[in-house]
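Asks: take this sequence and fold it.
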Amino acid sequence: MDFLWQENAGGRRGPKKALTLESIADAAIAVADAEGLAAVSMQRVAADVGFTKMALYRYLPGKAELVAVMLERAMGEPPVLSPEDWRAALTRWSEALISVFVGHPWAIEASTGSRPVGPNELRWMEAALAVLPGGLTGAERMDTIAVVAGLVRALVVQPAESGLITAITEHADRFPAISAALADMAVHGGQDQAFRFGLARLLDGLETLITQRV
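Replies: Numbers count the residues shown, from 1 in each chain. Okay, here's the model as predicted:
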């Protein structure tokens, strides 16, 4: 994991630092944004930056580490949050996180499972935890961030509503509850609000829990 924590990390061998982790990550991100994470390989990225595959191994042990650097680069610094209004702060944090995942859909897969974790990802967690009010245990504070991030991730990968409408139009009689909900939306609106609705209800529950303990 040291490669994620070194400032201006360069190659581990060789007389000249012709590349940087940032330039390598940017090239890999361009591939993943256009073609998905599966298209990223040390060979492909090396070719795109004009070097040999072996040259990249001076900077990174392999693809897993390359993906970790990509995620660090894609996430960047977290938003600056005001602790004065924890609900507004968590909402802003969630909106910024959803922008990362929408802009780089491969980041969902890249941030799953056992993997190296870098400073930017921890800065995001630190920023969210720092604005939570008192009244929560350490475990509850960590769980709050996990649940909020989970909501963001779930809604990013949710099927597009247009596909749902197309399917139900042809089979409305088989799914009356879905048809009724969509019909109501057509009259009263409210579509495309799952993120804000879900986050607001989650924060409502958290606020109730905190208030009960005061």
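Asks: C-alpha only now, for contacts and for neighbours.
Replies: Fine.
Asks: mind listing the helices for the protein?
Replies: Counting by DSSP state H, the chain has helices at residues 2-5, 21-35, 42-49, 53-56, 63-75, 86-103, 106-110, 119-131, 138-156, 161-170, 176-188, 194-213.
Asks: winner for burial among those?
Replies: helix 63-75 (a mean of 21; mean count of other C-alpha atoms under 10 Å).
Asks: TSV for the helices of the chain, including mean pLDDT?
Replies: Conversion of those to TSV gives the following (pLDDT from 0 to 100):
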stretch	mean pLDDT
helix 2-5	75
helix 21-35	95
helix 42-49	95
helix 53-56	92
helix 63-75	94
helix 86-103	96
helix 106-110	95
helix 119-131	96
helix 138-156	94
helix 161-170	73
helix 176-188	82
helix 194-213	92
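Asks: which residue lies nearest the spatial centre of this protein?
Replies: The central residue of the chain, meaning the one whose C-alpha is nearest the mean C-alpha position (C-alpha atoms, centre = their mean), is Phe101 at 4.4 Å.
Asks: what about the closest residue to that residue other than its chain neighbours, distance to Glu84?
Replies: Closest residue to Phe101 apart from its sequence neighbours, by C-alpha to C-alpha, 6 or more residues apart in numbering: Ala107 at 5.9 Å. Distance from Ala107 to Glu84, counting by C-alpha to C-alpha, to the nearest Å: 30 Å.
Asks: and for Ala194?
Replies: The separation that Ala194 has from Glu84, given C-alpha to C-alpha, amounts to 26 Å.
Asks: how about Met54?
Replies: As it turns out, when the distance is counted by C-alpha to C-alpha, Met54 lies 51 Å from Glu84.
Asks: again, but for Thr137
Replies: With distances taken as C-alpha to C-alpha, Thr137 is found 20 Å from Glu84.
Asks: let me know the outermost residue of this protein.
Replies: Relative to the centre of the chain, the most outlying C-alpha is that of Asp173, 37.7 Å out, by C-alpha atoms, centre = their mean.
Asks: and that residue, what pLDDT?
Replies: Asp173 is assigned 84 on the pLDDT scale.
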